[in-house]
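**Q** no sequence for this one, just the structure:
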């Protein structure tokens, strides 16, 4: 009987050991996934670079010079010699006003001047004769004084006639209205045939915008200026002569501005300073009144951390990256971001270090804690 019991025990033990071995192999097989099931994920390294940081400010573009073309005399407008929007040059004839009255005034002033000169010649000879006659007591002192007074009055008459002639010629010149500056001209405010009363107060006929060089005008906070100024003192490599500009609509050409003016005082109502920068306008694409975004350089970062902007994701806590650690595990990593650089890179001011790998594509396929095969892409 004991022998039979041992045989029974042995028969039961062998299947149990076999089952345990099968379970152990199966569980071990399930706990370690094969390499071909680990997803390949494209990654890149956070890089460092020396770059200039910018702050953006809204502004407007204005013509370097804006001049009104005015009528300064009374008369009928005879002609308009340009088309609205034309580029006119300094000295070009733009308008003509009926000038008969002013030509007559010039002739009259010329005649008065000639008469005054003739009177002066006579009174000068008369005075010389009186002085000579006084030497022989042929005339009295009183008569000599009267002759001298007549001569001096004739001299005054000449000056008066010359002034009248100058005024008459000026008024005549005002009948031909020329461009005071070179620039693009607006449409006229008055059509030929209309009577102009420019003698009492100048009448604006059109406006010329000297827009070969424009001004980008913008404002910055006074505390931002202090930071910028202190930074500029320490970093002489910041270039304020090529400040990047951007417009609400993309223009065919790119533009930069040369900063040349800083207001000497703070606007107490806004707490800002006015700045102006010159912008060349060779293609006539910039128009006075356009809105512009000025990217003002304020600091140079010699070791800025950069990642691809498209690799950033956003949740309720802010921006984050999927970082791949040394064990090839994906780590959800919140980051602090700075400015966009060269349109595709984003400055990271906190959360990731240079050289760390981060996921660049297929962010929806990864999650925190999974193991991946990182594939570096340029």
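**A** Nice, I can see it. Please read these numbers as outputs of a predicted model, since none were measured by experiment.

**Q** what helices and strands are in contact with the helix or strand where residue 118 lies?
**A** Element membership of residue 118 [criterion: DSSP states H and E] is helix 100-135. When contacts are defined as 3 or more CB pairs under 8 Å, 6 or more residues apart in numbering; DSSP states H and E, helix 100-135 packs onto helix 141-173. Backbone N, C-alpha and C define where each C-beta goes, glycine included.

**Q** report the angle between the helix it packs on and helix 100-135.
**A** Following axes from the mean of the first three to the mean of the last three CA atoms, to 10 degrees, one obtains 160 degrees for the angle between helix 141-173 and helix 100-135.

**Q** may I see the buried residues of whichever helix or strand comes after helix 141-173?
**A** Using DSSP H and E, the helix or strand that directly follows helix 141-173 along the chain is strand 176-178. Using 16 or more other CB atoms under 10 Å as the test for burial, strand 176-178 gives residue 177.

**Q** partners of strand 176-178 in the sheet?
**A** Paired neighbours of strand 176-178 in the sheet (DSSP bridges): strand 93-97 (antiparallel).

**Q** under the pLDDT cut-off, which ranges of the stretch 1-150 of the chain? List them.
**A** The stretch 1-150 of the chain contains residues with pLDDT under 70 at 1-36.

**Q** for the helix holding residue 118, which positions count as buried?
**A** By neighbour count on 16+ other CB under 10 Å, the buried set for helix 100-135 is 102, 105-106, 109, 112-113, 116-117, 119-120, 123, 126-127, 130.

**Q** a markdown table for those residues, including distance to residue 80?
**A** Compiled in a markdown table, the buried residues of helix 100-135 are given as follows (distance: CB to CB, whole Å):
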| residue | distance to residue 80 |
| --- | --- |
| 102 | 19 |
| 105 | 24 |
| 106 | 24 |
| 109 | 29 |
| 112 | 35 |
| 113 | 35 |
| 116 | 39 |
| 117 | 41 |
| 119 | 45 |
| 120 | 45 |
| 123 | 50 |
| 126 | 55 |
| 127 | 55 |
| 130 | 60 |
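
**Q** ok, residue 117 - contacts?
**A** 158, 161 (CB atoms under 8 Å, 6 or more residues apart in numbering).

**Q** run the last query once more with 6 Å
**A** Residues touching residue 117, when contacts are defined by CB atoms under 6 Å, 6 or more residues apart in numbering, comprise residue 158.

**Q** against residue 165, how distant is it?
**A** 12 Å (CB to CB, to the nearest Å).

**Q** same question, residue 331
**A** Counting by CB to CB, the gap from residue 331 to residue 165 is 93 Å.
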